[in-house]
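Peer 1: Kindly return the folded structure for what I paste below:
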Amino acid sequence: MREVRASLIPTLNRISVKMRDGFDVPLVMTYDKNFFNEKSPWIMFTEGAQSQKSDLQFDISKLSLLNRGLCLCYPLIRGKKITTPHL
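Peer 2: Residues are numbered from 1 along each chain as shown. From the prediction side, this is the model:
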(Lines give C-alpha, C1' and ligand atoms only; values in the text may rest on other atoms or scores of the structure.)
Protein backbone atom coordinates (compact mmCIF):
# COMPACT_ATOMS: atom_id res chain seq x y z
CA MET A 1 0.00 0.00 0.00
CA ARG A 2 1.31 3.43 -0.95
CA GLU A 3 1.73 6.01 1.77
CA VAL A 4 -0.21 9.26 1.35
CA ARG A 5 1.96 12.34 1.56
CA ALA A 6 0.99 15.02 4.02
CA SER A 7 2.95 17.67 2.11
CA LEU A 8 0.43 18.20 -0.68
CA ILE A 9 0.62 21.82 -1.90
CA PRO A 10 -2.33 22.26 -4.27
CA THR A 11 -1.91 25.09 -6.75
CA LEU A 12 -4.53 26.61 -9.04
CA ASN A 13 -3.69 28.46 -12.26
CA ARG A 14 -5.66 29.82 -15.16
CA ILE A 15 -4.03 29.49 -18.55
CA SER A 16 -5.08 29.96 -22.16
CA VAL A 17 -4.58 27.22 -24.78
CA LYS A 18 -4.80 27.78 -28.54
CA MET A 19 -6.99 25.17 -30.26
CA ARG A 20 -6.59 23.83 -33.80
CA ASP A 21 -9.27 26.22 -35.07
CA GLY A 22 -7.30 29.22 -33.77
CA PHE A 23 -9.50 30.05 -30.75
CA ASP A 24 -7.96 30.51 -27.32
CA VAL A 25 -9.71 28.44 -24.66
CA PRO A 26 -9.16 29.27 -20.99
CA LEU A 27 -8.35 26.33 -18.72
CA VAL A 28 -8.23 26.11 -14.96
CA MET A 29 -5.48 23.73 -13.92
CA THR A 30 -4.70 22.42 -10.47
CA TYR A 31 -1.66 20.42 -9.46
CA ASP A 32 0.67 19.58 -6.59
CA LYS A 33 3.40 22.19 -6.60
CA ASN A 34 5.92 19.62 -5.31
CA PHE A 35 5.65 17.37 -8.37
CA PHE A 36 4.51 19.45 -11.35
CA ASN A 37 6.90 20.01 -14.26
CA GLU A 38 6.58 20.29 -18.04
CA LYS A 39 6.49 16.48 -18.39
CA SER A 40 3.66 15.97 -15.89
CA PRO A 41 0.61 14.17 -17.33
CA TRP A 42 -2.65 16.12 -17.60
CA ILE A 43 -6.23 14.91 -17.23
CA MET A 44 -8.92 17.13 -18.72
CA PHE A 45 -12.38 17.00 -17.17
CA THR A 46 -15.31 18.15 -19.28
CA GLU A 47 -18.74 18.22 -17.74
CA GLY A 48 -22.09 19.68 -18.53
CA ALA A 49 -23.93 20.37 -21.72
CA GLN A 50 -25.75 23.36 -23.15
CA SER A 51 -28.62 23.14 -20.68
CA GLN A 52 -26.71 21.53 -17.82
CA LYS A 53 -24.91 23.54 -15.16
CA SER A 54 -21.63 22.27 -13.75
CA ASP A 55 -19.59 24.53 -11.50
CA LEU A 56 -16.01 23.93 -10.49
CA GLN A 57 -16.07 22.50 -6.98
CA PHE A 58 -13.61 20.75 -4.73
CA ASP A 59 -13.93 16.98 -5.14
CA ILE A 60 -12.19 14.86 -2.50
CA SER A 61 -12.08 11.88 -4.86
CA LYS A 62 -9.72 13.79 -7.19
CA LEU A 63 -7.27 14.54 -4.39
CA SER A 64 -5.54 11.18 -4.90
CA LEU A 65 -4.81 12.17 -8.52
CA LEU A 66 -2.97 15.27 -7.32
CA ASN A 67 -1.16 13.08 -4.82
CA ARG A 68 0.19 11.01 -7.75
CA GLY A 69 1.60 14.06 -9.54
CA LEU A 70 -1.14 14.53 -12.15
CA CYS A 71 -2.36 17.92 -13.34
CA LEU A 72 -6.17 18.30 -13.45
CA CYS A 73 -7.58 20.66 -16.11
CA TYR A 74 -11.05 22.12 -16.59
CA PRO A 75 -11.95 24.03 -19.78
CA LEU A 76 -14.09 27.12 -19.18
CA ILE A 77 -16.58 26.68 -22.03
CA ARG A 78 -20.39 26.73 -21.94
CA GLY A 79 -22.06 25.90 -25.21
CA LYS A 80 -20.72 28.53 -27.59
CA LYS A 81 -19.47 30.85 -24.84
CA ILE A 82 -16.22 31.05 -22.98
CA THR A 83 -16.95 31.74 -19.32
CA THR A 84 -14.99 33.42 -16.57
CA PRO A 85 -15.42 31.81 -13.15
CA HIS A 86 -14.97 33.74 -9.92
CA LEU A 87 -11.59 32.41 -8.79
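
Peer 1: can you map out the helices along this protein?
Peer 2: Using DSSP state H, the helices assigned to the chain run over residues 63-67.

Peer 1: Flag the shaky bits of it, pLDDT-wise.
Peer 2: Applying pLDDT under 70 to the chain flags residues 1-7, 47-56, 58, 78-87.

Peer 1: Spatially, what comes nearest to Met29 if we skip its sequence neighbours?
Peer 2: In this structure, Met29 finds its nearest non-sequential neighbour in Cys73, 4.7 Å apart by Cβ to Cβ, 6 or more residues apart in numbering. (C-beta placed from N, C-alpha, C; glycine too.)

Peer 1: For beta bridges, what are the partners of the one you found?
Peer 2: For Cys73, the beta-bridge assignment (DSSP bridges) gives partners Met29, Met44.

Peer 1: thought it was touching Leu27?
Peer 2: Yes. Cys73 is in contact with Leu27 according to Cβ atoms under 8 Å; the separation is 5.0 Å.

Peer 1: Quickly list what's touching both of those two.
Peer 2: Met44 (Cβ atoms under 8 Å, 6 or more residues apart in numbering).

Peer 1: Could you pull out the strands in the chain for me?
Peer 2: 10-18, 24-32, 42-44, 71-75, 77-78, 81-82 (DSSP state E).

Peer 1: Which one, of the ones you listed, ends up nearest to Lys62?
Peer 2: Nearest to Lys62, of all the strands of the chain, is strand 71-75, at 6.0 Å by Cβ to Cβ.

Peer 1: So what touches the closest one?
Peer 2: 25-31, 36, 40-46, 56, 62, 65-66.

Peer 1: what's the angle from it to strand 24-32?
Peer 2: Strand 71-75 runs at 150 degrees relative to strand 24-32, counting by axes from the mean of the first three to the mean of the last three Cα atoms, to 10 degrees.
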